[in-house]
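S.K.: Provided below are the primary sequence and the corresponding predicted coordinates.
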Amino acid sequence: MNDANFLQEFFTSEMIQITNFGFIINLILTGLLSYFLGKIYIRYGMSLSNRKDFARNFVLLGLATMLIITIVQSSLALSLGLIGALSIVRFRAAIKEPEELIYLFLTIAIGLGMGANQRFKTFIAFIAISLIIWLSSKVSKKPQDKQGYLTVSSKNPDLWSIKTINDLIEQQSDEFRLRRFDKMENFLEALFLVTLPDPQAIENIDRDLRVRDSSIQIIFANMGESIQ
């Protein structure tokens, strides 16, 4: 009998309710923190994808998470129901890079914290994480300023192999990594993450590639402010 009463109280117990005014405040704070997190991601992120487009999702994701937690936290039974519902959801979004996943988790964490009415803890954690991101960017700023994405494309794929391109880039770069390689019947494109010693290295790579294929095209997108 005691066990039955315990289970009944366990599933029907109500947590502290958030007032309508408190809900509005949490909603505004969630939107603001998610918005600023998006700005941080755009400024300091290193993802290959379009960071501005990806960051636009942060506010909606944060608000949706906050709303869900606000609703289900009033009842443990609803919380368990949420876990059951999420267990059958299949996420097929094209999240290819760990950094994107980390920022999504941070956005969800903002929504969770505000939905649980933990404003102070959520705000302090956001400030601390933002400072860590900023300090990390300062520490790694020097090498990052010399780092960028080099795209090599050619309409003569028969003239090239991945080893040939690698050898030419290796001669002019401090470090490089192949991120993508597409070779079709009449087109070739390779994307590298490269660290260059100086601006002249870009011209040297272009010169060496054109010796073999005069129609080749290269695009260099710098990840930092300048290459000095």
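M.R.: Thanks, I have it.

S.K.: Centre-most residue in the protein?
M.R.: Most central in the chain under C-alpha atoms, centre = their mean is E100, positioned 2.1 Å from the mean C-alpha point.

S.K.: From N26, how far off is that one?
M.R.: Distance from E100 to N26, counting by C-beta to C-beta, to the nearest Å: 26 Å. Just so you know, the C-beta spots here come from the backbone N, C-alpha and C atoms, and that holds for glycine as well.

S.K.: before we move on, what about T70?
M.R.: 7 Å.

S.K.: Who has more neighbours out of these two?
M.R.: Legend: neighbour count by other C-beta atoms under 10 Å for T70 and N26, higher for N26 (25 against 21).

S.K.: For that one, pull up the helix or strand it's in.
M.R.: If you go by DSSP states H and E, N26 is part of helix 20-44.

S.K.: what's the following helix or strand after that helix?
M.R.: helix 51-55.

S.K.: How far away from the center of its chain is that next one?
M.R.: Mean C-alpha position of helix 51-55 versus that of the full chain (C-alpha atoms, centre = their mean, to the nearest Å) differs by 9 Å.

S.K.: now stretch 38-46
M.R.: 8 Å.

S.K.: List the neighbours of it that are in contact with it.
M.R.: Applying C-beta atoms under 8 Å, 6 or more residues apart in numbering, the external contacts of stretch 38-46 come out as 51-52, 54-56, 58-59, 99, 103, 130, 133-134, 136-137, 144, 223.

S.K.: again, but for stretch 158-178
M.R.: Here stretch 158-178 has contacts from 146, 150, 152, 154, 181, 183, 188, 190-197, 201, 204-205, 208-209, 212-213, using C-beta under 8 Å, 6+ apart.

S.K.: List the buried residues in that stretch.
M.R.: For stretch 158-178, the buried set under the neighbour-count rule, 16 or more other C-beta atoms under 10 Å, comprises 160, 165, 168-169, 172-173, 176.

S.K.: For stretch 208-219, measure first residue to last.
M.R.: 15 Å (C-alpha to C-alpha, to the nearest Å).

S.K.: Mind listing the strands the strand or helix carrying R180 pairs with, and their directions?
M.R.: R180 is part of strand 175-183 when elements are defined by DSSP H and E. Using DSSP bridges, the strands paired with strand 175-183 are strand 188-195 (antiparallel).
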